[in-house]
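[1] Generate a structure from the sequence data that follows.
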Amino acid sequence: MISYLFYLFYFILALSPLYLLMSKKTAINILYPLLFSAQFNVTQFLKIGITISFFELTLITSLIGLILSSYKNGNITEIISSIKIKKHDKIWFYFLILSFLSIIISCLRVFLENLNPDPKMSPVFFLRSLMSLNKFFFYLPIFYLIINFLSAYYENEIINKTYLKSMAFAGILPALSVIIQYSGIGFILLHNNSSYSESFRMEDYLGARPVGLTNEASFFVYQLFFCTLALYYSNLRCLIKNKHYYFLLFLFILAVILSLSRTGLLVYSLFFMLVWFRKTKLLSFKSFVRAIIILPLIIGFIAILARLNVGNLNIGSHFLSAFNYSSDLSTLERYGSSEALFNLFKSKGLLFGVGIYNYQYYIKDFLPAYMSIFHYEPGIAPASFNFIIQLFAELGFIMTVFFFVKSYFTIYKPYIDSFIKDWFLFLIIFSFSFQILNFAVPFLIILYLPANEKYSIYN
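    Below is the predicted model:
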């Protein structure tokens with residue numbers, strides 16, 4: 001019954017842009033359904049070139065509402081013609097340009113018989129590349145229309161504040177869903193999202209590991225983390241009360257612990273260490289003394305946490321198992337897939353790669369010996385658990401290094417908002433664990449408009 005209320009709530013949210021965008025007074029609140037719905041992607045409604053889940057449904061209704069509102073006010077041409085591309089958005093365009101170059105190069109390499117894609121994989125390798133870039137083609141145009149529409153009515157500061165608060169609150173229901181799933185009282189989810197290789201199944205979460213509103217615990221934590229990041233900045237900029245901040249922070253951390261995601265435990269630890277180091281200026285004697293006092297408390301908390309058992313697993317042992325490739329089949333496959341990607345890079349990607357999202361056409365020839373216990377049917381290949389190595393194999397060394405260097409010098413400028421810098425920093429960190437662009441979350445930063453930035457891409 002509880003899960004039905006979740007579905008009902010998100011359905012109402014998905015339809016709400018049709019109402020919100022019709023008035024200047026309510027249009028800013030469209031950020032709530034957009035950012036909330038990005039967290040619920042376990043259920044697919046249909047697939048029409050792109051998987052339509054709650055977020056995509058919300059985008060479609062947002063586009064319809066925007067068109068109706070603009071037609072009513074007679075300013076649709078003005079909104080389209082004045083679209084602005086922010087400086088940090090250039091990263092997405094760098095990625096797209098390099099992806100198209102990699103497709104052209106891979107076609108030439110196949111033509112010259114320098115590459116031999118697995119003929120049993122489908123579709124044709126270059127179509128796979130284009131199909132896998134569909135989020136860029138679908139999300140970006142609608143995102144720019146929406147943010148430009150909001151910019152016509154609101155100051156950037158208002159948009160930023162609403163964005164941070166709505167992003168922070170977007171994590172509440174996913175975190176609650178994990179707690180409900182862990183409690184064993186039942187929480188039914190329809191798993192059928194083909195983007196995550198899911199076939200139709202109903203899961204009631206009675207005795208099952210919690211995964212929130214997505215397919216895996218690591219995916220849940222990945223999405224929740226950016227809500228936590230927005231929560232931190234909301235508190236830093238005095239947008240929410242301290243008591244609300246600490247309550248939500250406790251809720252989010254509890255959900256991460258109950259999910260038993262090793263990726264989540266590691267990334268959250270890194271984040272709080274980063275926050276601590278930023279606040280503790282160790283060059284100051286006073287801060288150094290404070291750090292000496294607090295450090296034993298932190299160590300003690302970690303020691304207590306490591307001894308806790310969640311379900312049938314010890315948190316400490318489960319976390320450390322991530323560093324032992326043979327600890328379980330899941331970890332073994334992660335290490336084996338990453339090693340195979342690295343071998344593929346050394347063999348085929350030292351200059352130019354095999355083409356964006358084409359690693360599966362070649363990876364089977366580079367699997368290490370210990371992966372022989374896994375059997376992959378013809379046309380099926382192991383998943384990528386390291387997007388960074390995947391990029392080196394697919395774009396090649398030259399283009400991958402160029403991409404990261406250009407991205408670094410685009411983001412790490414004095415005038416770039418620190419929230420944006422942290423957003424991309426942790427996207428990179430999560431990239432070492434899985435393919436981050438399978439989700440809507442990374443692209444949501446396009447809807448954030450720092451007030452101190454010049455917007456023309458040509459500046």
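
[2] can you pull out the helices in the stretch 151-300 of the chain?
    With DSSP state H, counting those that start in this stretch, the ranges of helices along the stretch 151-300 of the chain come out as 156-169, 172-183, 217-236, 242-259, 262-279, 285-307.

[3] Oops, could you answer that again for the stretch 1-150 of the chain instead?
    2-15, 17-20, 31-37, 54-73, 76-81, 90-111, 125-132, 134-151.

[4] returning to that earlier point: in JSON lines: the helices of the stretch 151-300 of the chain, plus distance to L5, mean pLDDT and mean neighbour count.
    Glycine gets a C-beta too; all of them are placed from N, C-alpha and C. Formatted as JSON lines, the helices of the stretch 151-300 of the chain follow (distance: least, C-beta to C-beta, whole Å; pLDDT from 0 to 100; neighbours: other C-beta atoms under 10 Å):
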{"stretch": "helix 156-169", "distance to L5": "17", "mean pLDDT": "95", "mean neighbour count": "21"}
{"stretch": "helix 172-183", "distance to L5": "10", "mean pLDDT": "94", "mean neighbour count": "21"}
{"stretch": "helix 217-236", "distance to L5": "19", "mean pLDDT": "96", "mean neighbour count": "23"}
{"stretch": "helix 242-259", "distance to L5": "18", "mean pLDDT": "94", "mean neighbour count": "17"}
{"stretch": "helix 262-279", "distance to L5": "26", "mean pLDDT": "85", "mean neighbour count": "16"}
{"stretch": "helix 285-307", "distance to L5": "32", "mean pLDDT": "59", "mean neighbour count": "11"}
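
[5] Mind checking the ones you listed for the one nearest to S433?
    For S433, the closest of the helices of the stretch 151-300 of the chain is helix 262-279, at 4.7 Å, according to C-beta to C-beta.

[6] who does that closest one touch, helix- and strand-wise?
    helix 217-236, helix 242-259, helix 315-320, helix 418-431 (3 or more C-beta pairs under 8 Å, 6 or more residues apart in numbering; DSSP states H and E).

[7] Which of the helices of the stretch 151-300 of the chain sits closest to K120?
    When these are compared (using C-beta to C-beta), the closest one is helix 217-236, at 28.2 Å.

[8] what's the closest one packed up against?
    helix 156-169, helix 172-183, helix 242-259, helix 262-279, helix 418-431.

[9] still on that earlier bit, quick one: which of the helices and strands packed on helix 262-279 is nearest L140?
    Nearest to L140, of the helices and strands packed on helix 262-279 and by C-beta to C-beta, is helix 418-431 at 16.3 Å.

[10] so the closest one versus helix 217-236, what angle?
    Computed with axes from the mean of the first three to the mean of the last three C-alpha atoms, to 10 degrees, the direction of helix 418-431 lies at 160 degrees from that of helix 217-236.

[11] Next, the buried residues of helix 418-431.
    Neighbour-count burial for helix 418-431 flags 419-420, 422-427, 429-431 (criterion: 16 or more other C-beta atoms under 10 Å).

[12] Can you add pLDDT and distance to W92 and give those residues back as a markdown table?
    A markdown table is the format used below for the buried residues of helix 418-431 (pLDDT from 0 to 100; distance: C-beta to C-beta, whole Å):
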| residue | pLDDT | distance to W92 |
| --- | --- | --- |
| F419 | 95 | 17 |
| I420 | 94 | 13 |
| D422 | 95 | 18 |
| W423 | 96 | 13 |
| F424 | 96 | 11 |
| L425 | 95 | 16 |
| F426 | 96 | 17 |
| L427 | 96 | 12 |
| I429 | 94 | 19 |
| F430 | 95 | 17 |
| S431 | 95 | 15 |
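
[13] Export these as a markdown table, with columns for distance to L329.
    Shown next, in a markdown table, are the buried residues of helix 418-431 (distance: C-beta to C-beta, whole Å):
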| residue | distance to L329 |
| --- | --- |
| F419 | 38 |
| I420 | 38 |
| D422 | 34 |
| W423 | 33 |
| F424 | 33 |
| L425 | 31 |
| F426 | 28 |
| L427 | 28 |
| I429 | 25 |
| F430 | 22 |
| S431 | 23 |
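
[14] Pick out whichever of those sits closest to C107.
    Proximity of the buried residues of helix 418-431 to C107, judged by C-beta to C-beta, is greatest for S431, which lies at 26.0 Å.

[15] Not counting sequence-adjacent ones, nearest residue to the closest one?
    F387 (4.1 Å; C-beta to C-beta, 6 or more residues apart in numbering).

[16] Between its first and last residues, how far does stretch 194-213 reach?
    Terminal residues of stretch 194-213 lie 15 Å apart, using C-alpha to C-alpha, to the nearest Å.

[17] For that stretch, list every residue counted as buried.
    Buried residues in stretch 194-213, counted by 16+ other C-beta under 10 Å: 195-196, 203, 205, 209-213.

[18] swap in stretch 117-136?
    117-118, 121, 125-126, 128-130, 132-133, 135-136.

[19] JSON lines for those residues, including pLDDT?
    Formatted as JSON lines, those follow (pLDDT from 0 to 100):
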{"residue": "P117", "pLDDT": "94"}
{"residue": "D118", "pLDDT": "92"}
{"residue": "M121", "pLDDT": "91"}
{"residue": "F125", "pLDDT": "93"}
{"residue": "F126", "pLDDT": "93"}
{"residue": "R128", "pLDDT": "93"}
{"residue": "S129", "pLDDT": "94"}
{"residue": "L130", "pLDDT": "93"}
{"residue": "S132", "pLDDT": "92"}
{"residue": "L133", "pLDDT": "94"}
{"residue": "K135", "pLDDT": "93"}
{"residue": "F136", "pLDDT": "94"}
